[in-house]
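S.K.: Okay, predicted coordinates and the sequence, questions at the end:
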Amino acid sequence: MTDTLYREELMEHYKHPQNWGRLTNKSGSVSEVNPLCGDEITVDVLVEEDVLKDISFTAHGCAISIASASIFFDKVKGKKLEDIKSLQKKDLLDQINPNLTLSRIKCATLGFNALSRLMLEIEARGTPKEKGFYV
């Protein structure tokens with residue numbers, strides 16, 4: 001993909017992010033901040049039977065942080081948790097733009113980091129029947 005197509009897709013997701021907003025019926029929520037630039041994101045998820053049934057986010061930040069979260073969350077919605085946990089930052093960066101500077105990588109992976117942390121919190125809760133986790 002050319003740099004122009006990367007920029008066009010990023011700007012479209014920045015202007016019209018997918019999965020934007022807050023979930024009223026959710027299994028978990030997490031907020032993350034990029035200390036380098038101050039970008040912030042809050043991610044809500046609904047998990048049912050080990051599947052990410054729904055995901056939403058709100059954010060304050062640059063075009064890269066918002067657009068990459070929009071793209072990434074579109075990709076993981078409806079996937080099994082084990083498949084999501086196997087994803088690497090490189091998978092996201094290759095989809096966004098593999099040539100980002102180090103500071104921009106922190107922006108691009110903000111949503112990834114937030115969801116990764118939330119997946120760890122969900123896993124720590126134990127099985128659904130033991131903990132009453134799933135909706």
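M.R.: Structure received.
S.K.: what residue ranges in this protein score low on pLDDT?
M.R.: Low-confidence segments of the chain, defined by pLDDT under 70: 1-6, 98, 126-135.
S.K.: At the geometric centre of it, which residue sits there?
M.R.: In the chain, the C-alpha nearest the mean C-alpha coordinate belongs to G111, at 3.7 Å (C-alpha atoms, centre = their mean).
S.K.: Contact partners for it?
M.R.: Under the criterion of C-beta atoms under 8 Å, 6 or more residues apart in numbering, the contact partners of G111 comprise E32, I41, V43, F57, A59, S65, S68, A69, F72, F73. All C-beta atoms are positioned from the backbone trio N, CA, C, and that covers glycine.
S.K.: Pull the residues that contact the helix or strand harbouring the third one.
M.R.: Same thing as V43. Counting by DSSP states H and E, the element that carries V43 is strand 40-48. Counting by C-beta under 8 Å, 6+ apart, the neighbours of strand 40-48 from elsewhere in the structure are 22-23, 25-34, 52-61, 65, 69, 73, 81, 110-111, 114-115, 118, 122, 133-135.
S.K.: Which neighbouring elements make contact with the next helix or strand after it?
M.R.: Scanning the chain past strand 40-48 towards its C-terminal end, the next helix or strand to appear is strand 51-60 (assignment: DSSP H and E). If you count contacts as 3 or more C-beta pairs under 8 Å, 6 or more residues apart in numbering; DSSP states H and E, strand 51-60 packs onto strand 40-48, helix 63-76, helix 81-85, helix 110-124.
S.K.: Need the winner for burial among these.
M.R.: When neighbours are counted by mean count of other C-beta atoms under 10 Å, the highest per-stretch mean among the helices and strands packed on strand 51-60 falls to helix 63-76, a mean of 23.
S.K.: quick one: that one to chain centroid distance?
M.R.: Put simply, helix 63-76 sits 6 Å off its chain's centre (C-alpha atoms, centre = their mean, to the nearest Å).
S.K.: relative orientation of it and strand 40-48 in degrees?
M.R.: Using axes from the mean of the first three to the mean of the last three C-alpha atoms, to 10 degrees, the interaxial angle of helix 63-76 with respect to strand 40-48 works out to 10 degrees.
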